[in-house]
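Participant: Okay, predicted coordinates and the sequence, questions at the end:
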Amino acid sequence: MRLPVIFAVVFSLLLFGCYSTQNLGGGGEAPLITDSKNFTMKEGWQENFRLAAGESVETHKVSVTSVAPKAAMLKIDSKPVLLHITETNNLSLSGKTIFVTLNEVSEGYARFSISLSQPGTSQPPGGTPAKTQNGGKCSVGSDCQSSHCSNGYCCASGSCCVSDSNCSVGKCNTTTYSCFTALLLSDGSPCNSNADCQSNHCSNGYCCASGKCCLSNSNCASGETCNTTTHSCVQSGPVYTALAAEQKANSTLAALLIKRFSSLFEDARQCYGGSDTYKQCLPYVVVRSEKTSTSVFRVAYSYSFTGVGCCPTTEVLVITVDLSADTATPQWLDNSITSTLADTMNSSLTSNCVSALQYIACKTS
């Protein structure tokens, strides 16, 4: 019997290292922010912007260090700024307080704004509400500098967007923030990026649905052939999987004996009146498969414990499975596991499970 191992998944955003960045500012002068500016950037990209500082103007740099599904790490000059979606942080630059807001994360892009006033709480000089730039969120056309609001975003005309998911037809131009319809390429066509393909997947210089794309066998690695229907490289020989190796291992007499012990341990856990201290130190049988070569797998059976003061997790049986040769070779790491011991445990549990528990459980203290 196999029981799942529970893993705790921890997410951390600690990518503060050096990146080889892509300058998105082009050859022109960096934009001067007098009220607010929207940015759409990917991890590793950087862009310059300017702020008035008294009688002079200073240039600053914003870069995207990392992008997560609901957060992004920015760096403004040398100052790291961690933001979650809709969160606003402020910092001082050129003698001014700027406000940085993460508006959206979509398809690997972080969409954020840098403003000279707290979003939603102040107005620019003159008392006129600030207009939203293209790519910013809106409710009506009067919210936008362009006077055009569509799909909840500002743009010059047509259907507005910040990502392809906002477009019912075509793609999103993240420079104009408008949807456009391009002639997309079919599978097997040469391409430069995902956006070129009907499948939205460009690999190895060709379009296909997934994996490594190809037009002929010459585009695939050794041991692979090109499926000219799907235009994807596929393994030319048999596909050997860990699941198949595990099924082969489980059919051996050794694995069947381990399965019998697993059933006996489960019976012991159901012992009425038995001590929970001993029950917590009854082992669970855990199976793990590791691929060691193209067709060979190491299938390990371990005793795992969940209680305090119990024995450590220990491998008791390893079965080497070669799927190409259709063989399974067992190696016992605990020679005490025998059919005779299983018979003795079964007899003891049947006659007096409470007293048998202390002998079956594995405790270190």
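Facilitator: The structure has been received and is ready for your questions.
Participant: helices or strands up against the longest strand along the chain?
Facilitator: As assigned by DSSP state E, the longest strand anywhere in the chain is strand 56-68. Counting contacts by 3 or more Cβ pairs under 8 Å, 6 or more residues apart in numbering; DSSP states H and E, strand 56-68 is packed against strand 36-42, strand 45-53, strand 71-76, strand 109-115. Yep, even glycine has a C-beta here, placed from its N, CA and C like the rest.
Participant: Of those strands, which is nearest residue 99?
Facilitator: strand 109-115 (4.7 Å; Cβ to Cβ).
Participant: what pairs with that closest one, and is each one parallel or antiparallel?
Facilitator: strand 36-42 (antiparallel), strand 96-106 (antiparallel) (DSSP bridges).
Participant: low-scoring stretches of the stretch 51-200 of the chain, by residue?
Facilitator: 54, 118-130, 182 (pLDDT under 70).
Participant: Tell me the strands beside the longest strand of the chain, with direction?
Facilitator: strand 45-53 (antiparallel), strand 71-76 (antiparallel).
Participant: Now tabulate these in CSV and tack on distance to residue 284.
Facilitator: Below are these laid out as CSV (distance: least, Cβ to Cβ, whole Å):
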stretch, distance to residue 284
strand 45-53, 48
strand 71-76, 36
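Participant: tell me the most buried of those strands?
Facilitator: Ranked by mean neighbour count under mean count of other Cβ atoms under 10 Å, the strands paired with strand 56-68 are led by strand 71-76, which reaches a mean of 20.
Participant: Mind listing what's buried along stretch 38-47?
Facilitator: When neighbours are counted by 16 or more other Cβ atoms under 10 Å, the buried residues of stretch 38-47 are found to be 38, 39, 40, 41, 43, 45, 46, 47.
Participant: now the end-to-end length of it.
Facilitator: 12 Å (Cα to Cα, to the nearest Å).
Participant: Sketch out the helices for this protein, chain order is fine.
Facilitator: Along the chain, counting by DSSP state H, helices occupy 242-250, 253-269, 276-279, 339-360.
Participant: of all the ones you listed, which lies closest to residue 115?
Facilitator: helix 242-250 (52.1 Å).
Participant: List the contacts of the closest one.
Facilitator: Around helix 242-250, the neighbours that count as contacts under Cβ atoms under 8 Å, 6 or more residues apart in numbering are 255-256, 259, 287, 289-291, 297, 299, 319, 321, 323, 326, 328.
Participant: just the buried members of those residues?
Facilitator: 255, 287, 289, 297, 299, 319, 321, 323, 328.
Participant: could the residues you listed be laid out in CSV, adding pLDDT and distance to residue 184?
Facilitator: Shown next, in CSV, are the buried ones among the contacts of helix 242-250 (pLDDT from 0 to 100; distance: Cβ to Cβ, whole Å):
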residue, pLDDT, distance to residue 184
255, 96, 51
287, 95, 45
289, 95, 41
297, 97, 41
299, 97, 45
319, 97, 49
321, 97, 45
323, 93, 40
328, 97, 49
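Participant: mind listing what the nearest residue to residue 292 once chain neighbours are set aside touches?
Facilitator: Once flanking residues are discounted, residue 292 sits nearest to residue 298: 5.4 Å by Cβ to Cβ, 6 or more residues apart in numbering. Shown in contact with residue 298 (Cβ under 8 Å, 6+ apart): 289, 290, 292, 318, 319, 320, 321.
Participant: Reformat those residues as TSV; add distance to residue 342.
Facilitator: Shown next, in TSV, are the contacts of residue 298 (distance: Cβ to Cβ, whole Å):
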residue	distance to residue 342
289	24
290	27
292	30
318	19
319	18
320	24
321	24
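Participant: Just the closest of these to residue 334, please.
Facilitator: Checking the contacts of residue 298 against residue 334 by Cβ to Cβ gives residue 318 as the nearest, at 10.8 Å.
Participant: before we move on, the earlier item: quick one: mark the members of the contacts of residue 298 that sit in strands.
Facilitator: Those of those lying in strands (DSSP E): 289, 290, 318, 319, 320, 321.
Participant: The third one and residue 329, how far apart?
Facilitator: Put plainly, it is residue 318. 9 Å (Cβ to Cβ, to the nearest Å).
Participant: quick one, which of these two is more surrounded?
Facilitator: Higher neighbour count among residue 318 and residue 329: residue 318, with 18 against 12, using other Cβ atoms under 10 Å.
Participant: what about the strands paired with strand 56-68, which gets the closest to residue 339?
Facilitator: Ranking those by distance to residue 339, with Cβ to Cβ as the measure, places strand 71-76 first at 55.9 Å.
Participant: okay, the strands paired with strand 109-115 in TSV with distance to residue 236 next?
Facilitator: Below are the strands paired with strand 109-115 laid out as TSV (distance: least, Cβ to Cβ, whole Å):
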stretch	distance to residue 236
strand 36-42	36
strand 96-106	38
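Participant: Now residue 161: closest residue in space that isn't a chain neighbour?
Facilitator: residue 172 (3.8 Å).
Participant: Mind listing the residues bridging to the one you found?
Facilitator: According to DSSP bridges, beta-bridge pairing links residue 172 with residue 179.
Participant: quick one: it and residue 166 touch, right?
Facilitator: Yes: using Cβ atoms under 8 Å, residue 172 is in contact with residue 166, at 6.0 Å.
Participant: where do the contact lists of these two overlap?
Facilitator: In contact with both residue 172 and residue 166: residue 179, using Cβ under 8 Å, 6+ apart.
Participant: neighbour-wise, which of these two wins?
Facilitator: residue 172 (28 against 17).
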